[in-house]
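In: sharing a sequence plus its predicted fold:
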Amino acid sequence: MTKLFRNPIDLHINSKLRTSILVSVCSMIAAIAGIVPDLTMLPSTTLTQTASAQSRQEFSDGEIVNYARAVLAIEPKRQQTYDEIRQIVGDTVPMVVCSETRSLNRLNQDVRVLATNYCSHAKKMIEDNNLTVSRFNEITRQQQTNAQLQQRIQGALLQLQQPSGN
């Protein structure tokens, strides 16, 4: 379980650093949105390289761009929600996984409403960017261990942040 909004991002830092941070935050966003399965369910690291390579999926350039767009669309709402929750509960923001009803039910009503709205927004942004939640989830999981995929996502994020990239 990931702590909701662990490290807010200052959007005024330079774009290369911001992009690197956004790539790192992709996993966190997906986990917060409840769309990444529990990582303890992933196969053991004792798998052979062949089996591991066979389990990796290729992602089209279009999917990578859609993924980057979704991440960029989700991030402002994540920051806003984090700030709103922090105003209610103080510096200790509760852990939330959107797909786990128990984690949402443990929240006070005001925080639950904010978290639920954020989760709905994240899902909508993913779907509005022509990805299914499961495909977004797969890209998120793969980028955690695939440096080449991380670089492709970072390139897409940089391109989208250029004035002509939208």
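Out: That came in fine, so what should we check first?
In: ok, for E127, nearest residue in space, not its chain neighbours?
Out: V133 (7.3 Å; Cβ to Cβ, 6 or more residues apart in numbering). Yep, even glycine has a C-beta here, placed from its N, CA and C like the rest.
In: burial of that neighbour, as a residue count?
Out: 17 (other Cβ atoms under 10 Å).
In: any idea how far the closest residue to Y118 other than its chain neighbours is from Q162?
Out: The shortest distance from Y118 to any residue other than its chain neighbours is 4.2 Å, reached at T81 (Cβ to Cβ, 6+ apart). Applying Cβ to Cβ, to the nearest Å, the value for T81 to Q162 is 27 Å.
In: what about these two, which has more around it?
Out: More crowded of T81 and Q162, by other Cβ under 10 Å: T81, with 23 against 9.
In: that one sits in which helix or strand?
Out: Using DSSP states H and E, T81 sits in helix 61-89.
In: packing partners for that helix?
Out: When contacts are defined as 3 or more Cβ pairs under 8 Å, 6 or more residues apart in numbering; DSSP states H and E, helix 61-89 packs onto helix 15-32, helix 109-128, helix 133-143, helix 147-161.
In: tell me the buried residues in that helix?
Out: 63-75, 77-78, 81-82, 84-85 (16 or more other Cβ atoms under 10 Å).
In: pretty sure the residue nearest to Y118 is touching N117, no?
Out: Yes: counting by Cβ atoms under 8 Å, T81 does reach N117; the two are 7.3 Å apart.
In: list the contacts of L131.
Out: L131 makes contact with 63, 66-67, 70, 139, according to Cβ atoms under 8 Å, 6 or more residues apart in numbering.
In: now it: which helix or strand?
Out: Per DSSP H and E: nothing holds L131, as it lies in no helix or strand.
In: pLDDT at it, what is it?
Out: At L131, the predicted lDDT confidence score is 96.
In: I'd like the numbering to begin with 32 instead of 1 from here.
Out: All right, first residue 32 from here; so that's L162.
In: measure I105 to Q179 for me?
Out: Relative to Q179, I105 is positioned 23 Å away (Cβ to Cβ).
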